[in-house]
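**Q** Sequence and predicted structure are below.
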There are 2 protein chains.
Amino acid sequence: MPITSSETAAWRDRILSGDLRALARAATAIENQSRAGRELISALFPQTGRALIIGITGPPGAGKSTLVDQMVTLIRAAGKTVGVIAVDPSSPFSRGAILGDRIRMQRHHADPGVFIRSMASRGKLGGLARGTLEMALLLDAAGRDHVIIETVGVGQDEVEIARLADVTVVVLVPGMGDDVQASKAGIMEIADVFAINKADLPGAERLEQEIRAVQSVANDSGGATAAPIRRVVSADGAGVADLIEVIQDVYRARGAQSRSVATWSLRLTDLLRDEFLESLPAEAIQEHAARLAEKIEDPYAALAALVRVIKSRHMEQEKSV
Amino acid sequence: MPITSSETAAWRDRILSGDLRALARAATAIENQSRAGRELISALFPQTGRALIIGITGPPGAGKSTLVDQMVTLIRAAGKTVGVIAVDPSSPFSRGAILGDRIRMQRHHADPGVFIRSMASRGKLGGLARGTLEMALLLDAAGRDHVIIETVGVGQDEVEIARLADVTVVVLVPGMGDDVQASKAGIMEIADVFAINKADLPGAERLEQEIRAVQSVANDSGGATAAPIRRVVSADGAGVADLIEVIQDVYRARGAQSRSVATWSLRLTDLLRDEFLESLPAEAIQEHAARLAEKIEDPYAALAALVRVIKSRHMEQEKSV
């Protein structure tokens, strides 16, 4: 473990004692990707590992924010604290829409037992997975009993963010048509639990059958045990208590996935990739791109030349150490 | 340019002369990521740059395959040849669903002017963007007038694949609800043209207004010219001729985006990242993951140690050359 400066140690201690202002300042340090924030997370890391980290994902319009809002209410009613990380991996344009959605969460604003932060990608390659990991570690160390990570969509970003959770809930709604088949299939890999939201609408039964059909195909090809399916109506909270119970059952049965060696391996790969992307030789890439555009070089030759540039840079850095 | 072996040169010449069996064999070599395939692409690269490459993307259920089928019919009726690359970036489970969709395309099966290939990700990190690029270069060099790349979804994979196209068409349908707002916004970045499919359904007008609303927000924040919007009914082909005309107009106005320096820069970055991911020290990652799971190391220390492992490997490789 690195040596912790006295300033960082004091900050850490305030967070561990439940100081909300110190926690808020830490969240901002993570958002700003500051060095102080990283030192703090290093200092807090030994205190992590007690929170149940819940991932909530699914297509836009599935009512995830309302569901999270209901979950927060029930978790608080049970006397537990909660942190919510709302992740928006899409373009800057969508920020308005997403934040609008989250205004619903404001009724928890005055409750110190609920800490809510939004993470936007800021157009940076990769930084999102790292930032969200740091935020989850922070809230875990700060003693939140539950950490909920809410994401939009079902792309690569969501797969990476699902890796941060102990239990990932995929939220779907009836009436998206049976041709969500393809996207449902992609979801199958990350779902530990399915929540059929707006289950009072017609088509809930059909959606459940469709999920079971895809699950049985996955099972035949050697997949894991089928994820449980629960119906909820997040608008009035029906079924949400049962959903939380199932999440906790899965957590008890499977253990803390978020702290497993396998999960850390995947995360380290993500983090290394992000570091690599940030350190690429932009000028050399530009030069070879120009040669490709003029067709005076072919893509493999360009790639090989760039790999040589990257390696020789590393050698120079090593020599200068 | 690398020296081309006589075998590769003969293969290349057969493809350039329109030999369909040589073309099919090349497509298979690309799918298998064989060395022979890469040598062939190097040899063909100087002959690329004549095709109009069209990307077709959008959420599942938007009727993309039927639209592509109609486009192929019209392109053929105009006496032009076409290659279709159907990309499926999702999990292996979904392959059945997607391929089922593509059975519709089989009416072109007997037409030598239509060459269709599916690309699945095979669960490999990254390889999809590279394989699709190679397939597009192959079909371009083989003299196809138009190359259509069809993808499912709106994630990172689609953004990368959109980079392969000169003109990217985003297909949407009415009735997906106004809460596709978030996902539409993500799409805004890659859309050169919008196709509102199933435009005979109620809600087409509303969807068009929603797109225009998001476009005007994007425009205010300094975005490019708004992408044209066209309504089509792919089931009966209504509006598809007009859509093709708009695609060609955009191509003429903007030039070959797929051959620009900016596009090649982004692609080289994607390809370098894939190479990097394939060369990661799996054992060292596993070791550090175990230390993280036991909390005897923190994530930044693990990351720094792994970066040192990667760099020292590069040094050894350089020395041994």
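**A** Good, I have the coordinates. Residues are numbered from 1 along each chain as shown, chains lettered A, B, ... in the order given.
**Q** which element is the residue nearest to A:Pro46 when sequence neighbours are not counted on?
**A** With sequence-adjacent residues excluded and distances taken as CB to CB, 6 or more residues apart in numbering or on different chains, A:Pro46 is closest to B:Lys295, at 5.5 Å. Placement of C-beta: from N, CA and C, glycine included. According to DSSP states H and E, B:Lys295 maps onto no helix or strand at all.
**Q** Repeat that for the one 10 residues further on.
**A** With elements taken from DSSP H and E, the one containing B:Ala305 is helix B:299-320.
**Q** is that helix anywhere near chain A?
**A** Yes. Counting by CB under 8 Å from any CB of the partner chain, chain A has neighbours in helix B:299-320: B:299-303, B:306-307, B:310-312, B:314-315, B:317-318.
**Q** farthest pair in the residues you listed?
**A** B:Pro299 and B:Glu318 (28.9 Å; CB to CB).
**Q** higher neighbour count, these two?
**A** B:Pro299 (21 against 13; other CB atoms under 10 Å in any protein chain shown).
**Q** any idea how far the more buried one is from A:Glu31?
**A** Taking CB to CB, to the nearest Å as the measure, B:Pro299 falls 17 Å from A:Glu31.
**Q** Kindly report the same for A:Ala304.
**A** Distance from A:Ala304 to A:Glu31, by CB to CB: 38 Å.
**Q** And A:Gly255, by the same measure?
**A** 30 Å.
**Q** neighbour count winner among these two?
**A** Neighbours were counted for A:Gly255 and for A:Glu31 using other CB under 10 Å; A:Glu31 has more, 17 against 10.
**Q** Near A:Leu303, how many other residues are there?
**A** Neighbours around A:Leu303, by other CB under 10 Å: 19.
**Q** I figured it hits B:Leu271, correct?
**A** Yes. At 5.5 Å, A:Leu303 counts as touching B:Leu271 under the criterion of CB atoms under 8 Å.
**Q** Mutual contacts of the two, please.
**A** Residues touching both A:Leu303 and B:Leu271 (CB atoms under 8 Å, 6 or more residues apart in numbering or on different chains): there are none.
**Q** dump the residue contacts of A:Leu271.
**A** Applying CB under 8 Å, 6+ apart, the residues near A:Leu271 are A:Ala129, A:Arg130, A:Leu133, B:Pro299, B:Leu303.
**Q** Tell me how many other residues surround A:Asp236.
**A** 11.
**Q** Check whether it sits in a helix, strand or coil.
**A** coil (DSSP: H, G, I helix; E, B strand; the rest coil).
**Q** so what's it scoring on pLDDT?
**A** Note for A:Asp236: predicted pLDDT of 93.
**Q** and the least confident of the contacts of A:Leu271?
**A** By pLDDT, A:Ala129 ranks lowest within the contacts of A:Leu271, coming in at 75.
**Q** wait, doesn't it sit right on A:Asp274?
**A** Yes. A:Ala129 is in contact with A:Asp274 according to CB under 8 Å; the separation is 7.1 Å.
**Q** Looking at these two, which has the bigger crowd around it?
**A** Neighbour count, other CB under 10 Å: between A:Ala129 and A:Asp274, A:Ala129 has more, with 23 against 19.
**Q** Look at the nearest residue to the more buried one once chain neighbours are set aside and give its secondary structure.
**A** Closest residue to A:Ala129 in three dimensions, ignoring its sequence neighbours and counting by CB to CB, 6+ apart: A:Glu160, at 4.4 Å. With three-state DSSP as the basis, the three-state label of A:Glu160 is helix.
**Q** related to what we said a few turns ago, packing partners of the helix holding B:Ala305?
**A** On a contact count with 3 or more CB pairs under 8 Å, 6 or more residues apart in numbering or on different chains; DSSP states H and E, helix B:299-320 meets helix A:35-44, helix A:261-278, helix A:299-320, helix B:282-293.
**Q** Give the buried residues for the shortest one.
**A** If you call a residue buried by 16 or more other CB atoms under 10 Å in any protein chain shown, then helix A:35-44 has these buried ones: A:Ala36, A:Gly37, A:Arg38, A:Glu39, A:Leu40, A:Ile41, A:Ser42, A:Ala43, A:Leu44.
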